[in-house]
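In: Could you work out the structure for the sequence below:
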Amino acid sequence: MPDPDEKSLYEIAHQALENPFYTPEYVAARIIGNTQPWILGVRDGDRWVSACTAFMSHGRLTRQIEITSLPAPLDGDFFWPELLKFCKEQRIDSLEINSFGSTDAVVPALAWEVWRKRRTEYVLSLDKPNLISSFSTNHRRNIKRAEKAGLKVRVATGPEVCMQHGRLISASMDRRVARGEDVDSNADGERYRCFIDSGAATFYQAYKDGELYSSILILNAERGAYYHSAGTSPEGMAMGASQFLICRVAEILQKEGKNKFNLGGADLDQIGLTRFKLGFRPKRFEIEAAQFFLSSTFKRKCLNALREFRSDPLTFINSLFGTIDRYVVYTRMPETLRACDELSDARANKLGDDELREAIQEHSEFSYLYNVWNKLGHNDAYGVYIGDDLAHIAWLIPSKHDHDYPERNVKLREGEAEITHCSTRKKYRGRGLYQFAIRHLVDRASADGMKRIFMITASDNTASKRGIEKAGLTYVGKLFRIRPRIGLGYSFALRGHRMKGLSYF
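Out: Just a heads-up that it's a prediction; the model follows:
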């Protein structure tokens, strides 16, 4: 239901009296923040069952929806399929599922997952007459220190309160950054104004003689409250202001008839914050949150590219083409190359499938050829043997097989062949087997009627270039294989050796 009426909002809030994220006041605060409220859930006639609030926002290119707090109980067999159906009907690009105030939240894999995190929330029961007696020894000691220092608590109002709250949060975040936690240390106090203007939250402050030491923003529900954010100055930390303020707020909430005080969550890496909240001896709830992208992969990549361009245009432009593989190309007509020099202990033979498979399995230097073989779809491998021991493998690919390869670099024409995927075992390196293999395969190609032989190698592979040149092939141009970042796996080649008017040697 879009833009739910007040009656529906009160009905939803009544089903979760301890959850402030379902209240009409919280929904009003989100409307101030330029989002459209919805109610998502199961209906039984005119009555909502297992429902929650959600908030939709629109950009120029995307439409997002956020579920702030999942309903409890949750009928997962019905809720998740219907949620995806709803998102499809509304053409939602991004679905963000949070679990603030949730007691049981396991989020299934729904679509392309942008992020997922496990969270723990800490809920303090307010049904005990003497709350402080259950706190840790250290927390009780800090509360007594604050009382001795003369700290007092007040409900704060006025336009300056939000800015004061933001400054104290920044001080707390700076300390957490210093401890190595990954948090945003910049807090804009204005972001909290919508909660105060709508009546969804209350500011409590710990102060003394006009000096502010700690501030906490509490979201309110009929029977519960949620610790939204808090900040404490370094001086306040020294006198136990944060423990003192939470203790006093809990006592105030208890007098108001509330059952639970949710101290909020902590991520797995926030060790200091976790230790602080555990000191109040709350009940722990293990929950999850996640975000999913529901549109096409192409749109997702385009949007990511646009975000990168907005954040850093120069870097984006420089990286627009993604990765660029740079090669140099060599060629020769077989009849212009002198015959292969024989090595007294070397011989070259075509490798059968069984021989190639055995070589790949037995020798680590040839293991990568398994993927080469799968990609090419043909076995065009030749082996150079020293005695009965396989020492070197090289491929001689004719044009008819090159046409079957999905990513063609040289792009062989009729009557052309390419020597490639050459590898020598370590124990036989330095004995000229690379040049021997090249010259032998040139002879084989000539015998098969090939009129031109090509080889390419990475432009920075000095050793390979030297070996090719020693074998008698001549440099003929550069080749670039470009893989655009938003090309969905596609690539294209710029072939300098195929330029019009290029003369061969």
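In: ok, Arg413 to Leu17 distance?
Out: 78 Å (Cβ to Cβ, to the nearest Å). Glycine gets a C-beta too; all of them are placed from N, C-alpha and C.
In: what do you get for Asn98?
Out: Distance, Asn98 to Leu17, by Cβ to Cβ: 20 Å.
In: repeat for Phe366
Out: Counting by Cβ to Cβ - Phe366 and Leu17 are separated by 69 Å.
In: for the stretch 1-150 of the chain, what are the low-confidence residue spans?
Out: Along the stretch 1-150 of the chain, segments meeting pLDDT under 70 span 73, 76.
In: what about the strands in it?
Out: In the stretch 1-150 of the chain, the segments counted as strands under DSSP state E, counting those that start in this stretch are 36-44, 47-58, 63-67, 94-97, 112-125.
In: before we move on, what about the stretch 201-350 of the chain?
Out: Using DSSP E, counting those that start in this stretch, the strands of the stretch 201-350 of the chain run over residues 201-208, 211-220, 224-232, 260-267, 283-293, 323-332, 346-350.
In: helices or strands up against the fourth one?
Out: Looking back up the chat, that one is strand 260-267. Strand 260-267 makes packing contacts with strand 112-125, strand 224-232, helix 241-255, helix 271-278 when contacts are defined by 3 or more Cβ pairs under 8 Å, 6 or more residues apart in numbering; DSSP states H and E.
In: redo that, cut-off 6 Å
Out: strand 112-125, strand 224-232, helix 271-278 (3 or more Cβ pairs under 6 Å, 6 or more residues apart in numbering; DSSP states H and E).
In: Please tabulate those in JSON lines and include distance to Pro2 as additional columns.
Out: Shown next, in JSON lines, are the helices and strands packed on strand 260-267 (distance: least, Cβ to Cβ, whole Å):
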{"stretch": "strand 112-125", "distance to Pro2": "24"}
{"stretch": "strand 224-232", "distance to Pro2": "25"}
{"stretch": "helix 271-278", "distance to Pro2": "36"}
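In: Let me know which of those is tucked in deepest.
Out: For the helices and strands packed on strand 260-267, the largest average neighbour count (mean count of other Cβ atoms under 10 Å) is found in strand 224-232, namely a mean of 23.
In: mind listing what that strand pairs with, with the direction of each?
Out: strand 211-220 (antiparallel), strand 260-267 (parallel) (DSSP bridges).
In: hmm, who's touching it?
Out: Residues outside strand 224-232 that contact it (Cβ atoms under 6 Å, 6 or more residues apart in numbering) are 18, 20, 101, 168-169, 171-172, 214-219, 241-242, 253, 258, 260-264.
In: now stretch 249-256
Out: 126, 131, 204, 225, 261.
In: Could you find the closest non-adjacent residue to the last one?
Out: When you say that, I think you mean Phe261. Among residues not flanking Phe261 along the chain, Leu124 sits closest, at 4.4 Å (Cβ to Cβ, 6 or more residues apart in numbering).
In: returning to what we had before: reformat the strands paired with strand 224-232 as CSV; add distance to Ile31.
Out: Shown next, in CSV, are those (distance: least, Cβ to Cβ, whole Å):
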stretch, distance to Ile31
strand 211-220, 16
strand 260-267, 23
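In: Just give me the lowest mean pLDDT stretch among those.
Out: Comparing mean pLDDT across the strands paired with strand 224-232, the weakest is strand 260-267, with a mean of 86.
In: Pull out the CA atoms of that strand and give them to me as PDB.
Out: Below are the C-alpha coordinates for strand 260-267, written out as PDB (Å, rounded to 0.1, in the frame of the first residue of the first chain):
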ATOM      1  CA  LYS A 260      12.300  -2.900  26.200                       C
ATOM      2  CA  PHE A 261      15.100  -0.500  25.500                       C
ATOM      3  CA  ASN A 262      17.000  -1.600  22.300                       C
ATOM      4  CA  LEU A 263      20.600  -0.400  22.600                       C
ATOM      5  CA  GLY A 264      21.000  -0.800  18.800                       C
ATOM      6  CA  GLY A 265      23.500  -2.900  17.000                       C
ATOM      7  CA  ALA A 266      27.200  -3.400  16.400                       C
ATOM      8  CA  ASP A 267      29.000  -5.000  13.500                       C
END
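In: returning to what we had before: who has more neighbours, Asn98 and Leu17?
Out: Legend: neighbour count by other Cβ atoms under 10 Å for Asn98 and Leu17, higher for Asn98 (21 against 16).
In: Show the pLDDT at the residue nearest to Ser491 when sequence neighbours are not counted.
Out: Closest residue in space to Ser491, ignoring its immediate chain neighbours: Arg483 at 4.3 Å, by Cβ to Cβ, 6+ apart. Arg483 is assigned 78 on the pLDDT scale.
In: Hmm, Arg483 is touching Tyr490, no?
Out: No: using Cβ atoms under 6 Å, Arg483 makes no contact with Tyr490, being 7.9 Å away.
In: Looking at those two, which one has more neighbours?
Out: For Arg483 versus Tyr490, the count of surrounding residues by other Cβ under 10 Å is larger for Arg483: 15 against 10.
In: measure that one to Thr297 for me?
Out: 16 Å.
In: Any idea how many residues pack against the spatially closest residue to Gly415 that is not a sequence neighbour?
Out: Nearest non-adjacent residue to Gly415, counting by Cβ to Cβ, 6+ apart: Lys451, 4.2 Å away. Residues within reach of Lys451, counting by other Cβ under 10 Å, total 14.
In: With Val155 instead?
Out: Per other Cβ under 10 Å, the neighbour tally for Val155 reads 12.
In: Can you give the domain ranges for the chain?
Out: 6-293, 323-498 (automatic domain parsing).
In: got any ranges where the stretch 301-450 of the chain has weak pLDDT?
Out: The stretch 301-450 of the chain contains residues with pLDDT under 70 at 308-322, 338-341.
In: which stretches of it form helices?
Out: 313-319, 353-362, 369-376, 399-402, 433-447 (DSSP state H, counting those that start in this stretch).
In: can you count the residues close to Val249?
Out: Val249: 21 neighbours (other Cβ under 10 Å).
In: Show the pLDDT at it.
Out: On the pLDDT scale, Val249 is placed at 92.
In: As CSV, the helices of the stretch 301-450 of the chain with mean neighbour count and distance to Cys422 would be great.
Out: Putting those into CSV (neighbours: other Cβ atoms under 10 Å; distance: least, Cβ to Cβ, whole Å) gives the following:
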stretch, mean neighbour count, distance to Cys422
helix 313-319, 11, 32
helix 353-362, 15, 14
helix 369-376, 15, 11
helix 399-402, 17, 17
helix 433-447, 22, 6
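In: These: which one's closest to Asp388?
Out: Among the helices of the stretch 301-450 of the chain, helix 353-362 comes nearest to Asp388, with 11.8 Å by Cβ to Cβ.
In: Understood, closing this out.
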